[in-house]
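# Below is the sequence, then the predicted model.
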Amino acid sequence: MSSVPVASSRSALRRRGQAHALLLAARNSTLPFEVSTSGRWVRFEIKGNVVYVVGNVWGSGFSVLTVNGVGEAQTEQFMEPGAAVGAGVRHLGR
């Protein structure tokens, strides 16, 4: 018998599903990327521009952190991993 509370098990399953969805979206982008060992974030970098797509810790959804040059950063929120990765890739093209 497992002593893990049901709520904890559900949240762990949700996080694993979120990480898997994020990895699939990153692979579909066809750009080179890094992924964290936990699968919680992916990182894209082109010509000094960096984008992180992160699975949100609380609730569902994904955050996109774009860093263009020194001191320029912005964030956006998305519900779907494909939309988050797509926005991040578009930001890399700027």
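Thanks, I have the structure now.
# partner residues bridging V51?
Note on V51: beta-bridge partners by DSSP bridges are F44, T66.
# residues in contact with it?
V51 makes contact with 43-45, 64-67, 88-89, 91-92, according to Cβ atoms under 8 Å, 6 or more residues apart in numbering. For glycine as for every other residue, the C-beta is placed from the backbone atoms N, C-alpha and C.
# Try it again at 6 Å.
Counting by Cβ atoms under 6 Å, 6 or more residues apart in numbering, V51 touches 44, 66, 88, 91-92.
# Between these, which sits nearest A73?
T66 (6.6 Å; Cβ to Cβ).
# So that closest one is in contact with H91, correct?
Yes - here T66 reaches H91: they are 4.3 Å apart, a contact under Cβ atoms under 6 Å.
# Confidence-wise, which helix or strand of this structure is lowest on average?
None of the helices or strands of the chain scores lower by mean pLDDT, DSSP states H and E than helix 6-28, at a mean of 75.
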